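Q: give the three-dimensional model of this entry:
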Amino acid sequence: MKHLVISALLALFIAGCSSTPDTGAEQSGAPVEGRDGVRTVTAGGVGSSQLPAILTDPKSILSKRSVYFDYDSFEIKPEFKDLVAAHAKFLNENRQFRVLVQGNTDERGSREYNIALGQKRADAVKKTLTLLGVREDQVESVSLGEEKPSCVDQSEACWAKNRRSDILYNGEF
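A: The predicted structure follows:
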């Protein structure tokens, strides 16, 4: 009898410690990019189809979203300062938008080094945006290291395309 009571109490204790997802509340989290490259946007975000035309119009500087870096550097080149300033101006005028800055590297260097360098590149863009008046809560920076190359050839021209920070607006990440 004693073993039965202890077993029952143990079962109740374990059942009480389990968690069940709350299906009644609206959940929002980070959008997910599947292995097939298709992005799923969660509730509450601004979808890419809802982005203003100025962000997607090829004639607009705001449609350009990549800031390129020299080898082994996280200093924003002078030719990209106007691009970052244009995004800062847009974000200052449209406080409802948020951006994710993804730092990338080429494949040379160790995985750990590339993650650190990618983060420094993303942080350099984030710092510049915030120095230009963008609120801190509008910008998030992450490193992808060498994991999301835009080019896979083994050449200097290709590696240069991978040394970048990409600016993504809410609904695109």
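Q: low pLDDT regions in the protein?
A: In the prediction, the chain carries residues with pLDDT under 70 at positions 1-49.
Q: what segments of it are helices?
A: In order along the chain, the chain carries the following helices (DSSP state H): 2-17, 53-56, 81-93, 111-131, 156-162.
Q: in the sheet, who's paired with the residue nearest the centre of the chain?
A: For the chain, the residue sitting closest to the mean C-alpha position, by Cα atoms, centre = their mean, is residue 100 at 3.9 Å. Beta bridges link residue 100 to residue 140, residue 168 when assigned by DSSP bridges.
Q: I'd say it and residue 165 touch.
A: No: with contact defined as Cβ atoms under 8 Å, residue 100 does not count as touching residue 165 (10.3 Å). In short, each C-beta sits where N, CA and C put it, glycine included.
Q: need the winner for burial among the helices of the chain.
A: Counting by mean count of other Cβ atoms under 10 Å, helix 111-131 has the highest mean neighbour count of these, with a mean of 19.
Q: residues touching it, excluding its own?
A: Residues lying outside helix 111-131 but in contact with it, judged by Cβ atoms under 8 Å, 6 or more residues apart in numbering, are 67, 69, 72, 74-76, 81, 84, 87-88, 91, 99, 101-105, 107, 109, 136, 138-146, 163-165, 167.
Q: nearest to residue 150, of the helices of the chain?
A: Closest approach to residue 150 among the helices of the chain is made by helix 156-162 (5.0 Å; Cβ to Cβ).
Q: kindly export that closest one (C-alpha atoms) in PDB.
A: Presented in PDB, the C-alpha positions along helix 156-162 are these (Å, rounded to 0.1, in the frame of the first residue of the first chain):
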ATOM      1  CA  GLU A 156      38.500  36.600 -55.000                       C
ATOM      2  CA  ALA A 157      35.500  38.100 -56.900                       C
ATOM      3  CA  CYS A 158      33.200  35.600 -55.300                       C
ATOM      4  CA  TRP A 159      34.700  35.900 -51.800                       C
ATOM      5  CA  ALA A 160      34.200  39.700 -52.000                       C
ATOM      6  CA  LYS A 161      30.400  39.200 -52.600                       C
ATOM      7  CA  ASN A 162      30.300  37.100 -49.400                       C
END
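Q: can you give the contact residues for it?
A: Contacts of helix 156-162 from elsewhere in the structure, counted by Cβ under 8 Å, 6+ apart, are 68, 71, 104-108, 146, 149-152.
Q: over to stretch 140-150?
A: Taking contacts as Cβ under 8 Å, 6+ apart, the residues outside stretch 140-150 that touch it are 98-107, 109, 111, 114-119, 121-123, 125-126, 161-162, 164.
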